[in-house]
Each structure stands twice: as structure tokens, then as C-alpha cells.
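Novice: model this:
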Amino acid sequence: MRPLEISPEEFHHLLGRASRLAEDYLASLDERPVFPQTSGEETQQRFATRLPQDGMGAAAFDELPELFRLSRANNGRFFGYVQGSGEAVAIIAELLASAVNQNITAWRSAPAAVTIERTVVAWLAEAVGCTGFTGSLTGGGSSANLMGLAMARQQKGADLGRATLYASAEAHMSIAKAAALLGLPRENIRTIRVDREFKMRLDDLESALGADVAAGRIPVAIVATAGAVNTGAIDPIKDIAAAARRHGAWLHVDGAYGGLAALAYPEKFIGLDTVDSLSLDPHKWFYQPMDCGCLLFRDRELARATFSHTGDYARVLSGDPLEGFAFFDESLELSRRFRALKLWLSLRYHGIRKFRESILQDVELAQSLGMKIAQHPALDLLAPVELSAVCFRYLPHNVEAERINDLNAQILGRVVRRGRVYLSNATIDGKFALRACLVNHRTTEADIQAVIDEVLAAAAEAPRG
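Specialist: Predicted coordinates for the structure are as follows:
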């Protein structure tokens, strides 16, 4: 037997152990703390061990229960960040994707897998009302945003010293990172103000565009947000698209958080089919395990002009439109994992209607939470509940105004340490906000009530001095 081979019998045994661990974990999610009772020192001592020179055999699996114990439970009371819940069929697909171990780079390297990804990308475009768009799956919204803006730069061919990029004050941090990676100076990024609903102000956008054109600058791209990470706000896409056309700018929509909600609320995303590129994250609101992002775009030839820099060793020789297809000619990555299998299997198993229903339920639960907060005398709702992000704070009458932010930061820490509910934070108009975001197919009304109960309990424990 070769050095790294194991027998079919041993594989079956190890697979059974792993399967039982996963089954037990998922079956006990509701009973598990949403954040483990652990510390940096404990996890360091447990897992930061010396490189093994000789194998442990099956005993290598013995620490896996500790991995599960010291991991955040992905149950219905996890409301932090914007992270999907990892539905069960997709979990199974991840194992199968690793078993077939394909490099999804070109049809010739993975005929079935490449065809499945191209199919899934078309499904996603159809789901959000962008039938006819094409694209590829990515590691997440950050890489999708980077690629979308790379296409914008390619189209314009602009002098980077004069090129300008426009995004609202609520734009995701990946936009500024993408601009930096593309060589766009930070001072060339225009931050557009938002209105009271945290949507991009069209008057401010038009003013910035006009001033830059008059000064000889070149508007390269406008980034609209379809689901701001803090508040879930959706920019007025149709009107921004009209402004982009007037000024010859590329319109990229960052829909990593909210874009897939167009499946359930198309009226909130009017104009999405007119944009040039769009990022989505199925590992958020399609409940897929990490990682699974997507970039959609309308101009395949521009994508090829942007990304097709192929060495002779990878050059595709076939002229057949299917067999000659290569993702590396239209995207950033060369080596690409089989992200599409989980989404393909999940959509085939459940059907798109079930995903629509689950998104609708998440938004309804978020609105329920918002109403509970608005009706509670000690809680303060800080932003409209546009999608499924709910930003609020504890606001007692007997605490000085300058102490409110510190008090809410303390409450957040206590809520997380208590381990029943996990919230994240945001800054809303200078106010420290407790933030609950629902992109979780497991969340129930009882979990929503737990947010209120845990915040009030943590507030009762927090010192007021």
C-alpha cells in the first residue's frame, strides 16, 4: 500500500465516525450554546500542537468532539454578521464535492462539474430577475466585488489618476479594498451620503458626478448596495442606473447580503436587470455552507478581455462552444473548488419555492423583532427594518447620554458570554447598536423573543456607574 492510502474498510469506518459526529451535532444544535464557553488560551492549548512526525491513525479523529464543543453553534439563535445557516442537503454535498475532487477551471478538466456550475449560475440569475446574465461562483462577495470593479476598469480603460468610483457611506468595506487592489487612489473614491433610510442620496450622487466631470475626472463605476450590511438598506437601483448611463459609468451592485431577497421581494429591487454586474452570496441567504459567492455580469466578452491572460500550458485547444469553455478566461481564479454541487443539490432537493418561503419567513421574523423593540420602553430601534437586519440599543432613563454607547457595548459582551443568543454590532448615526441579522432557516419566533429576553437580562447585570 502506498504511503497515504487507506483501505476501503478503514475509509468506511472513519466516514461512519465523521457522519455520527455531524448527525449528533446537528441534532443537538438547539441545546448547544450559541457561543462556546472557551478562551483563546484554551483553544490554543487544545489545537496548536506540534507537527506530528508519525501518524496517529484513527486516533487522529479523537479530538473532533472537542472541535464541535468549542465551535459556535449554527442554531436559530445565531444572529451575528451575515452568515447563512448551512442547510443539511448542502452539507452532504460538500463531502461529495471533496470526494470527486475536481478543479472547476475548464470543461476539459471537469466536464460534469463545470456544466453544473454554469447551470447554477444561470439559475441564480433567473432567481433574481437577471435572466441572460452569466458569471461564476466565487469565494464570497469580496472577490465578486473585486472582479466586478475590475471589469469596470477594463471597460473604461481610464487613467487611474483621473478615475473616480462612487459608493455610499453604507457600502461594504470590500469596495474600498477592491479599489485599492485595482490601483485606484483612496482620494478618488467618492463617499455619497445616505438618507434617513440609509439609502444612497441621488442628489448627492449627481452633484459628485457633475463636479468630477467638470474637473476632467472620469467616472469609472458606481457601486449601489442591495442590502447594506449594517441595516439591510437597498439603494434606488433604477435611478442610480439612469445616472450611470448618463455619465458612462459602470454600475456594479453589491448584493452579497440582500440580492437573493429579490427572489421574494422583486418590488424592492426594481432595475436590477439593468446593471452591469452584481455580486451575490448563496452562503448567506441561500443558507449554503461556506464558501459560495457569485458574480453575475451581462457582457461575457468584456469579462474575457479583463481576465483572459492564459499561459500556453493552460490554453484551450477546442473550438467547441461547450467543450472549449474555461472559467479562468472569465474570472480571477485558476484553481477553483466545486462550490456548485451543494447549491445544485440543495436546489434540486428543496426547489426554489422553499428558498423563497424561507427568505420570507426570515424577513417576517425580523419585522416581528423590530416591532417588539419599538414597543418596549427600554429599547430603541435605530434603523428601519428593510430586509432582515435589526439595529437597536438598550436605552434606560437613568443613564447619562454619554454612557449609553459604553453600556450597550457591555451588554453585547454579556449577551455573547451568556451563550444563548449571538448578536453583532454596528454604528448607526454615531450610536453603538446591537445588531441581529436573520439569514437562518432554523430561526423561530421563540428565538426572536430570546433576543429581547437576553438583552434585558444582560442589561440588568451591567454596572451603571
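Novice: where's the host helix or strand of S19 relative to the chain centroid, distance-wise?
Specialist: Assessed by DSSP states H and E, S19 sits inside helix 8-27. In terms of C-alpha atoms, centre = their mean, to the nearest Å, the centre of helix 8-27 is found 29 Å from the chain centre.
Novice: Would you mark the buried spots in that helix?
Specialist: 22, 25 (16 or more other C-beta atoms under 10 Å). C-beta here means a position set from N, CA and C on the backbone, and glycine is covered the same way.
Novice: Show me what it is packed against.
Specialist: helix 64-69, helix 88-100 (3 or more C-beta pairs under 8 Å, 6 or more residues apart in numbering; DSSP states H and E).
Novice: I'd like the next helix or strand past that helix.
Specialist: Heading towards the C-terminus - elements assigned by DSSP H and E - helix 8-27 is followed by helix 40-47.
Novice: Export only the CA atoms of that next one, formatted as CSV.
Specialist: The C-alpha coordinates for helix 40-47 follow below in CSV (Å, rounded to 0.1, in the frame of the first residue of the first chain):
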residue,chain,number,x,y,z
GLY,A,40,-8.1,32.0,23.4
GLU,A,41,-5.8,30.2,25.8
GLU,A,42,-7.9,27.1,26.0
THR,A,43,-8.2,26.8,22.2
GLN,A,44,-4.5,27.4,21.8
GLN,A,45,-3.6,24.7,24.2
ARG,A,46,-6.1,22.3,22.6
PHE,A,47,-5.3,22.7,18.9
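Novice: Enumerate the positions of that helix that are buried.
Specialist: Residues of helix 40-47 include none that count as buried (16+ other C-beta under 10 Å).
Novice: How about stretch 336-352?
Specialist: 336-347, 350.
Novice: burial of A244, as a residue count?
Specialist: With neighbours defined by other C-beta atoms under 10 Å, the count for A244 comes to 23.
Novice: Let me know the helix or strand that it is in.
Specialist: Under the assignment here (DSSP H and E), A244 is part of helix 237-247.
Novice: Which elements pack onto that helix?
Specialist: helix 202-214, strand 218-225, strand 250-255.
Novice: Please list the residues outside it that contact it.
Specialist: 200, 202, 205-206, 209, 213, 219, 222, 224, 226, 249-251, 253, 269-272, 274-276 (C-beta atoms under 8 Å, 6 or more residues apart in numbering).
Novice: repeat that with 6 Å
Specialist: 202, 205, 209, 219, 222, 224, 251, 270-272, 274 (C-beta atoms under 6 Å, 6 or more residues apart in numbering).
Novice: May I see the buried residues of it?
Specialist: Neighbour-count burial for helix 237-247 [16+ other C-beta under 10 Å]: 237, 239-241, 243-244, 247.
Novice: and the angle from it to strand 250-255?
Specialist: Here helix 237-247 runs at an angle of 160 degrees relative to strand 250-255 (axes from the mean of the first three to the mean of the last three C-alpha atoms, to 10 degrees).
Novice: pLDDT (mean, whole number) over helix 237-247?
Specialist: Averaged over helix 237-247, pLDDT sits at 97.
Novice: now stretch 6-26
Specialist: Here the average pLDDT along stretch 6-26 is 95.
Novice: returning to what we had before: could you say which of the helices and strands packed on helix 237-247 is packed most deeply?
Specialist: strand 250-255 (a mean of 29; mean count of other C-beta atoms under 10 Å).
Novice: quick one: the helix holding A244 to strand 218-225, angle?
Specialist: Using the same axes, to 10 degrees: helix 237-247 against strand 218-225 is 180 degrees.
Novice: packing partners for the lengthiest helix in the chain?
Specialist: Across the chain, the longest stretch assigned as helix under DSSP state H is helix 352-375. Helices and strands touching helix 352-375, by 3 or more C-beta pairs under 6 Å, 6 or more residues apart in numbering; DSSP states H and E, are strand 379-381, strand 389-394, helix 445-461.
Novice: Which strands or helices does the second one pack on?
Specialist: If I follow you right, that is strand 389-394. Using 3+ C-beta pairs under 6 Å, 6+ apart, strand 389-394 sits against helix 352-375, strand 379-381, helix 404-418, strand 431-437.
Novice: Mind putting these into a markdown table with mean pLDDT and distance to N75?
Specialist: Listed next are these as a markdown table, based on pLDDT from 0 to 100; distance: least, C-beta to C-beta, whole Å:
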| stretch | mean pLDDT | distance to N75 |
| --- | --- | --- |
| helix 352-375 | 98 | 14 |
| strand 379-381 | 97 | 23 |
| helix 404-418 | 95 | 14 |
| strand 431-437 | 97 | 14 |
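Novice: Sketch out the low-pLDDT regions of the chain for me.
Specialist: For the chain, the stretches flagged by pLDDT under 70 are 310-318, 464-465.
Novice: Pop the domain breakdown of it in here.
Specialist: 8-31+36-71, 102-337, 353-461 (automatic domain parsing).
Novice: now, the most widely separated pair of the contacts of helix 237-247?
Specialist: P219 and I270 (22.7 Å; C-beta to C-beta).
Novice: thinking again about what came up before, need the helices and strands packed on helix 237-247 in a markdown table (columns: distance to Q410).
Specialist: What follows is the helices and strands packed on helix 237-247, written out as a markdown table (distance: least, C-beta to C-beta, whole Å):
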| stretch | distance to Q410 |
| --- | --- |
| helix 202-214 | 36 |
| strand 218-225 | 31 |
| strand 250-255 | 32 |
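Novice: Surely T131 is within a helix?
Specialist: No: using DSSP: H, G, I helix; E, B strand; the rest coil, the secondary structure at T131 is coil, not a helix.
Novice: Which residue comes closest to it once chain neighbours are left out?
Specialist: In space, and not counting its chain neighbours, T131 is closest to A125: 5.9 Å by C-beta to C-beta, 6 or more residues apart in numbering.
Novice: Going by neighbour count, which residues in the strand or helix carrying the one you found are buried?
Specialist: Secondary structure assignment for A125, by DSSP H and E: helix 111-127. Within helix 111-127, the residues that count as buried by 16+ other C-beta under 10 Å are 113-114, 116-118, 120-122, 124-125, 127.
Novice: could you dump the helices and strands packed on helix 352-375 to CSV with mean neighbour count and distance to T134?
Specialist: Formatted as CSV, the helices and strands packed on helix 352-375 follow (neighbours: other C-beta atoms under 10 Å; distance: least, C-beta to C-beta, whole Å):
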stretch, mean neighbour count, distance to T134
strand 379-381, 20, 40
strand 389-394, 26, 30
helix 445-461, 18, 38
